[in-house]
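Peer 1: model this:
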Amino acid sequence: MAKIKSFVAIKLPNQQKRKIRNVLNRFSSVRNLNLIETDGLHVTLNFVGNVDDVEVPTLCKRIADASEEFLDFPVQLSGIGGFPNLEKPRVYWIGVDKGASTLTELNSSFRSVIEDMGFLQEQRYTPHVTIARAKQGPISPEKTDELKTAFERLEFEEFNVEEVIVFSSVAEKNGPVYVPLSTIRLT
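Peer 2: Reported below is the predicted structural model:
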């Protein structure tokens, strides 16, 4: 039985991805900073983990069933944050302003399904788009401040979320490739 590293997410419109990439390109020479590739930019709802390939159809069906009560909704990205914090971040992210409460409701609904299948879930959810990771410890405070300033000045257009996607994450030489396993329309 093969294991498939899986997660549930929302794709960003290409316009949003290009806007993020244009800013990230300014930081491509920062030592110790791993920028997320344009195709990898998304809003994660739930990280599932390594799922047996025979369980993937059940996971996708349960996520689809848990999505039935949700209608499409608007989202707007805004600001920047870090995990565990912006003083010593290991992960840099763009936050969600409008639509954050619906994303949190989706996360909660999916968390129940995923935990029922035996996968641990983080209890605290922060809607976000991961944009970069520190490779081996935090980058300089000056570079973090520059990144923070660049993204705080960026204005994002609102977009409509019409679907959630169950993805697999396939490790490749140049970073992970995300492959859709199931696309679920919100009606």
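
Peer 1: quick one: the helices in the protein?
Peer 2: 14-24, 56-67, 100-116, 141-152 (DSSP state H).

Peer 1: buried stuff in the third one?
Peer 2: Translated: helix 100-116. Neighbour counts over helix 100-116 (16 or more other CB atoms under 10 Å) mark A100, T102, L103, L106, N107, S109, F110, R111, V113, I114 as buried. No exception for glycine: its C-beta is placed from N, CA and C like everyone else's.

Peer 1: quick one: work out the angle between that helix and helix 56-67.
Peer 2: Counting by axes from the mean of the first three to the mean of the last three CA atoms, to 10 degrees, helix 100-116 lies at 140 degrees to helix 56-67.

Peer 1: which other helices and strands contact helix 100-116?
Peer 2: strand 42-52, helix 56-67, strand 73-75 (3 or more CB pairs under 8 Å, 6 or more residues apart in numbering; DSSP states H and E).

Peer 1: pairing partners for the last one, with directions?
Peer 2: Applying DSSP bridges, strand 73-75 is found paired with strand 159-161 (antiparallel).

Peer 1: need the contact partners of the strand it pairs with.
Peer 2: The contact list for strand 159-161, computed with CB atoms under 8 Å, 6 or more residues apart in numbering, reads 10, 12-13, 15-16, 72-76, 99, 102, 186.

Peer 1: could I get those as JSON lines with pLDDT and distance to I165?
Peer 2: Output for these, formatted as JSON lines (pLDDT from 0 to 100; distance: CB to CB, whole Å):
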{"residue": "I10", "pLDDT": "97", "distance to I165": "7"}
{"residue": "L12", "pLDDT": "97", "distance to I165": "11"}
{"residue": "P13", "pLDDT": "97", "distance to I165": "14"}
{"residue": "Q15", "pLDDT": "95", "distance to I165": "18"}
{"residue": "Q16", "pLDDT": "96", "distance to I165": "16"}
{"residue": "D72", "pLDDT": "97", "distance to I165": "14"}
{"residue": "F73", "pLDDT": "98", "distance to I165": "16"}
{"residue": "P74", "pLDDT": "98", "distance to I165": "18"}
{"residue": "V75", "pLDDT": "98", "distance to I165": "14"}
{"residue": "Q76", "pLDDT": "97", "distance to I165": "20"}
{"residue": "G99", "pLDDT": "97", "distance to I165": "16"}
{"residue": "T102", "pLDDT": "98", "distance to I165": "16"}
{"residue": "L186", "pLDDT": "96", "distance to I165": "11"}
